[in-house]
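Engineer: Okay, predicted coordinates and the sequence, questions at the end:
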Amino acid sequence: MNQVPDHSQVMADYYAAFRPLIDAEDKRRCVSFALSALSSGKLDIPSLYEGVLAPAARELQCTLRQRRLCVWEEHVRTSILRTVIECCYPELMKARDLIAGDQTRGPGIIVCPTEEYHELGARMAADLFTLQGFDTVFVGANTPQQDILDAVTVIHPVFVGVSVTSPYNLVPARRVIQQMMQLRTDIGASFRIIAGGQAFGTDVGRAKYLGADLLAQDYAQIQRFAQELPWSSH
Ligand code: B12
């Protein structure tokens, strides 16, 4: 009898094989590893991101004594993972075409509030929304409040994702979310505000307290949100 492979075991095996490559900061092999995992069909984009790349980013732990060394290593590691993600772009768009064809669920924006420098989770989330048929604009780390509001005014999104990793940055996040809610009323828009990132964990109450309409942390939650929105032609 054929055994269906347990997908979490497949991801764990890929992660175990990826770790030595990223630990050695071997960018070239990290990229080819990810691309061949996708082309083999054993991993798709969500499982590559959530099962391999995200844990590889989170794994780097710095002790206080190592601190001076660690920050630059975090930058190197993040930059390699970012390269891997960018190299997956053609595969992302192929997968999106299978899901969405030439239709769209509308534009979306992903931002990190001012002082939030962690951006890899936000970058991955942007691709996962794209995969679900949104035309996602990744604005990125440390974005001033007024620029976020300007982006909303220009892009007319159906959602704005606000990514917060450091709990200190919940304060500027709350400020910008409150401003977005005001703007939404002022211009008669109906975009949804989605909170995500480690500062929220699974605490829906915290996201709501900030003013977000919902909390999403993974592809399954993004998929559920997407299904609420209608398709339209490009
Ligand atoms: C890389 C890194 C950095 C890099 C970031 C580089 C970059 N360009 O992104 C740099 C060096 C800048 C950095 C700086 C700091 N960091 Co740092 N950093 C990390 C590290 C090692 C990895 C973060 C990461 O990339 N994770 C991988 C991503 C893919 O996963 P994720 O963030 O969990 O996101 C997932 C979900 O949350 C979700 N998601 C995220 N956003 C969104 C948004 C939406 C809309 C949706 C739907 C989903 C979603 O999708 C992702 C995929 O599953 C973590 C360790 C860790 N445990 O995470 C520490 C960590 C986050 N950092 C930490 C700290 C303390 C700092 C500094 C304060 C250190 C210092 N003293 O300077 C500064 C703060 C800078 C700032 N003001 O923002 C702490 C935070 C602890 C805390 N609770 O406060 C951590 C946990 C390390 C630790 N164990 O102490 N850091």
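Structural biologist: Received, thanks.

Engineer: Could you chop the chain up by domain?
Structural biologist: By the assignment in automatic domain parsing, the chain contains the domains 7-87, 101-233.

Engineer: could you give me the average pLDDT of the last one?
Structural biologist: Spelled out, it's domain 101-233. Taken as a whole, domain 101-233 has an average pLDDT of 97.

Engineer: Tell me the buried residues in the lengthiest helix in the chain?
Structural biologist: Ranked by residue count, the top helix of the chain under DSSP state H comes out as helix 67-87. Neighbour counts using 16 or more other C-beta atoms under 10 Å place 70, 77, 78, 80, 81, 82, 84, 85, 87 of helix 67-87 among the buried residues. To be clear about C-beta, it is placed using only N, CA and C from the backbone, and glycine gets the same treatment.

Engineer: Rebuild those residues as a markdown table, extending it with pLDDT.
Structural biologist: Putting those into a markdown table (pLDDT from 0 to 100) gives the following:
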| residue | pLDDT |
| --- | --- |
| 70 | 80 |
| 77 | 93 |
| 78 | 95 |
| 80 | 97 |
| 81 | 98 |
| 82 | 98 |
| 84 | 98 |
| 85 | 98 |
| 87 | 98 |
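
Engineer: As JSON lines, those with distance to the ligand would be great.
Structural biologist: Putting the buried residues of helix 67-87 into JSON lines (distance: C-beta to the nearest ligand atom, whole Å) gives the following:
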{"residue": "70", "distance to the ligand": "8"}
{"residue": "77", "distance to the ligand": "7"}
{"residue": "78", "distance to the ligand": "4"}
{"residue": "80", "distance to the ligand": "11"}
{"residue": "81", "distance to the ligand": "7"}
{"residue": "82", "distance to the ligand": "7"}
{"residue": "84", "distance to the ligand": "12"}
{"residue": "85", "distance to the ligand": "9"}
{"residue": "87", "distance to the ligand": "16"}
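
Engineer: Those: which two are farthest apart?
Structural biologist: Greatest spacing in these, by C-beta to C-beta: 70 and 87 (25.6 Å).

Engineer: What is the neighbour count of the nearest residue to residue 223 once chain neighbours are set aside?
Structural biologist: Here the nearest residue to residue 223 in space, its sequence neighbours aside, is residue 132; by C-beta to C-beta, 6 or more residues apart in numbering that works out to 6.0 Å. For residue 132, the neighbour count with other C-beta atoms under 10 Å is 22.

Engineer: Residue 132 contacts residue 220, correct?
Structural biologist: No - judged on C-beta atoms under 8 Å, residue 132 makes no contact with residue 220 at a distance of 11.0 Å.

Engineer: joint contacts of those two?
Structural biologist: With C-beta atoms under 8 Å, 6 or more residues apart in numbering applied, the contact sets of residue 132 and residue 220 do not overlap.

Engineer: Quick check: residues of the protein near the ligand?
Structural biologist: 50, 54, 57-58, 60, 71, 74-75, 78, 110, 115-122, 124-125, 161, 163, 165-167, 194, 196-198, 216-218, 222 (C-beta under 6 Å from any ligand atom).

Engineer: In a helix, residue 193, correct?
Structural biologist: No - applying DSSP: H, G, I helix; E, B strand; the rest coil, one finds residue 193 to be strand, outside a helix.

Engineer: what is it paired to in the beta sheet?
Structural biologist: Beta-bridge pairing of residue 193 under DSSP bridges involves residue 160.

Engineer: burial count for it?
Structural biologist: 21.
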